[in-house]
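Asks: the following comprises the amino acid sequence and a computationally predicted model.
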Amino acid sequence: MKGQQRFIIGLVLALILIVFALLNGQDVSVNFFGIQLKWPLIVIIAVSVLIGAVVTWLISTSAVSSAKKQIRELQQRITELTKSNKTDKPAPKPVQAPKEELSTDATDTKK
């Protein structure tokens, strides 16, 4: 089901991109480090989108790998603490203070 949804969304996006390219075929002048180029607008937009996608992918890949490394370190720490907790003596039970009983007898009160 997910595969079909992705395929349909991909087709719709591809159609939108094709229509956009056909409507924006005029040449535009681009100055890039002193070089002046005349390219179709859609090429400029497509190259910009691809560069942005590559940069985003590189950043997200880096973030994911560092997060995985941190998760792995934390899981190792949990394992170490669990093992050390099992080998330690169990904690003593807390001692409860004796409860004082309130006397409701009238003879206990002296004036």
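Replies: Nice, I can see it. Predicted, not measured: the structure shown is a model, and the values here were computed from it. Numbering: from 1, shown residues only.

Asks: the strand or helix carrying residue 5 - contacts with which helices or strands?
Replies: Counting by DSSP states H and E, the element that carries residue 5 is helix 2-23. In terms of contacts (3 or more CB pairs under 8 Å, 6 or more residues apart in numbering; DSSP states H and E), helix 2-23 is packed against helix 41-87. C-beta here means a position set from N, CA and C on the backbone, and glycine is covered the same way.

Asks: got the angle for the helix it packs on vs helix 2-23?
Replies: Regarding helix 41-87 and helix 2-23, their directions subtend 150 degrees when assessed with axes from the mean of the first three to the mean of the last three CA atoms, to 10 degrees.

Asks: ok, back up a step: ok now the helix holding residue 5, how far from the chain's centre?
Replies: 27 Å (CA atoms, centre = their mean, to the nearest Å).

Asks: any idea of the mean pLDDT for that helix?
Replies: When pLDDT is averaged over helix 2-23, the result is 84.

Asks: with stretch 42-59 instead?
Replies: 84.

Asks: what comes into contact with that stretch?
Replies: When contacts are defined by CB atoms under 8 Å, 6 or more residues apart in numbering, stretch 42-59 is touched by residues 20-21, 24-25, 28, 30.
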